[in-house]
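Colleague: Structure, please.
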Amino acid sequence: MATLNVGNLGEYLREQRRNAQLSLRQLADAAGVSNPYLSQIERGLRKPSAEVLQQVAKALRISAETLYVQAGILDAERDRDEVETRAVILADPTLTGQQKQVLLQIYESFRKENGPGIAAAEDALSGTDPRADAGPVRLDDGPRATDAGKDAGAPDTENPQEPRQSAG
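Modeller: Numbers count the residues shown, from 1 in each chain. All right, here's what the predicted structure looks like:
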């Protein structure tokens, strides 16, 4: 296990608490920890357990994994991209708390769908993964030259990854 970096954790917790517009007392009550204990964590004087971090994360409505990385419990290199993405979503002042949670849920569902190998998924998209048989990825939904004679209102039931055959 990595060494705990409680100074950065405390600063991060304070920032998240302020972003949530909670007082130290309100957060302590919501997390079920004492006010002095939470204050000591924020000042870098205490090393909270994973359980306490989970309670605080739940009260702040942020990912417990984010706090685990900040505390050095999880490998920051492995999870850095995920944590940064979550942090950007959570720090966006133009989103409501509910909107942030929905975005995080969608993000997590995509990560689960792609499985543990995010790099493998990226390789598949770029065409460098020999196991990828999905063909090229089309990023725009604009009209294609092959769609010119087609009825614009008719659904496209053909597989876009297979060559189209002429009817004649």
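
Colleague: Okay, now the unreliable bits of the protein?
Modeller: Scanning the chain for pLDDT under 70 picks out 1-7, 75-80, 115-168.

Colleague: change it to 50
Modeller: Along the chain, segments meeting pLDDT under 50 span 1-5, 119-121, 123-124, 126, 128-142, 144-155, 157-158.

Colleague: which of the residues in the lengthiest helix in it are buried?
Modeller: For the chain, the helix reaching the highest residue count under DSSP state H is reported as helix 97-114. By neighbour count, and taking 16 or more other C-beta atoms under 10 Å as the criterion, the buried residues in helix 97-114 are 100, 103, 104. Where C-beta positions appear, they are placed from N, C-alpha and C, glycine not excepted.

Colleague: Would you enumerate the residues in contact with the closest residue in space to residue 74 that isn't next to it in sequence?
Modeller: Setting aside the residues directly before and after it, residue 74 is nearest to residue 68 in space (C-beta to C-beta, 6 or more residues apart in numbering), at 4.3 Å. Neighbouring residues of residue 68 by C-beta atoms under 8 Å, 6 or more residues apart in numbering: 50, 53, 74.

Colleague: next one: residue 113
Modeller: Under the criterion of C-beta under 8 Å, 6+ apart, residue 113 has no contact partners.

Colleague: From residue 102, how far off is it?
Modeller: 16 Å (C-beta to C-beta, to the nearest Å).

Colleague: Could you do residue 59 as well?
Modeller: In this view, residue 59 and residue 102 are 19 Å apart by C-beta to C-beta.

Colleague: re earlier: check which helix or strand covers the residue nearest to residue 74.
Modeller: According to DSSP states H and E, residue 68 maps onto helix 64-71.
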